[in-house]
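A structural model of the following input is requested.
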Amino acid sequence: MSNDFTFTIKTQRFDEHYHPADNTRITTNFANLARGECRRENLHNALKMIDNRFNALAHWDNPNADRYALELQIVSVDMAIQGCSDAFPSIEILKTSIFDRHTNKRTEGIVGNNFSSYVRDYDFSVVLLEHNKGQAKFSIPDGFGELHGKLFKHFVNSAAYQQHFEKPPVICLSVSDNKVYQRTENQHPVLGVEYQPNESSLTEQYFKKMGLQVRYFMPPDSVAPLAFYFFGDLLSDYSNLELISTISTMETFQKIYRPEIYNANAVAGKCYQPNLKNLDHSLTQIVCDREERSKLAIQQGKFAEQYFIKQYQPLLEQWSANYAL
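Got it, this is the predicted structure:
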């Protein structure tokens, strides 16, 4: 039996009417907003924040700051091992499209942006926790993240990905509060000022196994740098509007979920260390439950362990050992 994978891609519009699918990770940024009594107001306000930020950054030929509307689609990827009937929910990412009200034309944005993965939950909330349980010093288990990294690279190089998307993904995350970031002299008109970290983080190492490199930029009128994970050349491979679509989307999510960093009242200086205990910050008018998200990550990791890792362990180990691009 072949131990290869097939990927099925489904899309769902992320708008005020969005309801999470049954197999969506409910800790995901967009899914978390769409739950509870304030779901409709949350979605409306978040989408308005995204559009406002997009138009502020795309200010040329846009005197009223209302030229563009950003449209978001949730891309859900199911993964099936050949010869097995059941598919497993692999990852969810966001795809942006840019609607120009002046020309009535719609152009592609960037795919990636947000990144959601059950197997990543398993790695961080099950494997890593169990490995360090009762240990005096934190350490990383051998082979940590290797299967996840190979699965992700396999997806990006798959026929399914190539048929749906023209360019490689860009994933945008928050900076780490365990590192110090130094401002450089490099400045991009849209991405802003580049920062460099003092050391590599576990997240960087994890995403490197996925084939992604990282650069840190603080966009104009932002207060903290964002981490951009990408293939190829971030500055040359994507247009300014494509980059703005990612910045406006992910900075909005970070203002909601990491206000201590991204809605801080002071701008990052030349030498910057993020602080999740920073009290000098503002809150958005968007309701979210950050404590619930961290608890659910463990549940979701155990779900991946039971229905994917343990169920297909011999096949996964064989496939991983023989994997090559």
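
Could you use CA atoms for every contact and neighbour count after this?
Will do.

remind me which residues of the stretch 1-150 of the chain are low pLDDT?
Counting by pLDDT under 70, the ranges of the stretch 1-150 of the chain that qualify are 1-3, 21-36.

for this structure, what spans make up the helices?
29-33, 39-57, 118-122, 128-132, 146-156, 159-164, 202-209, 234-237, 240-257, 259-262, 290-304, 313-322 (DSSP state H).

Could you list the buried residues of the fourth one?
The neighbour-count criterion (16 or more other CA atoms under 10 Å) identifies Leu128 as the buried residues of helix 128-132.

in terms of contact, does Phe165 touch Val111 like I think?
Yes. Look at Phe165 against Val111 with CA atoms under 8 Å: they come within range, at 7.5 Å.

out of those two, which sits in the more crowded spot?
Val111 (26 against 14; other CA atoms under 10 Å).

Excluding covalently adjacent residues, which one is nearest to that one?
Nearest-residue entry for Val111: Lys95, 4.2 Å, with adjacent residues in sequence omitted and distances by CA to CA, 6 or more residues apart in numbering.

Can you verify my assumption that the one you found contacts Gly109?
Yes. Using CA under 8 Å, Lys95 is in contact with Gly109, at 6.9 Å.

which residues are common contacts for those two?
Counting by CA atoms under 8 Å, 6 or more residues apart in numbering, Lys95 and Gly109 have no common neighbour.

Look up how far Leu234 lies from Ser200.
Separation of Ser200 from Leu234 (CA to CA, to the nearest Å) stands at 19 Å.

Under the pLDDT cut-off, which ranges of the stretch 151-300 of the chain? List them.
In the stretch 151-300 of the chain (pLDDT under 70), the answer is 288-295.

got the end-to-end distance for stretch 189-205?
28 Å.

Kindly report the same for stretch 264-284.
End-to-end distance of stretch 264-284 (CA to CA): 11 Å.

which residues touch that stretch?
Counting by CA under 8 Å, 6+ apart, 175-184, 222-225, 255-256, 258-261, 263 sit against stretch 264-284.

Mark which of these are buried, thanks.
175-176, 179-183, 222-225, 255-256, 258-261, 263.

Nearest the geometric middle of this structure, what residue?
With distances taken as CA atoms, centre = their mean, Asn114 lies nearest the centre of the chain, 2.5 Å away.

Ser200 and Leu234: which is more packed in?
Leu234 (17 against 9).

picking that back up, would you list the helices of the chain in TSV and tack on distance to Gln12?
Formatted as TSV, the helices of the chain follow (distance: least, CA to CA, whole Å):
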stretch	distance to Gln12
helix 29-33	12
helix 39-57	15
helix 118-122	19
helix 128-132	32
helix 146-156	19
helix 159-164	14
helix 202-209	26
helix 234-237	26
helix 240-257	16
helix 259-262	27
helix 290-304	21
helix 313-322	29
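
Out of the ones you listed, flag the one nearest Met79.
Counting by CA to CA, Met79 lies closest to helix 146-156 out of these; the figure is 9.0 Å.
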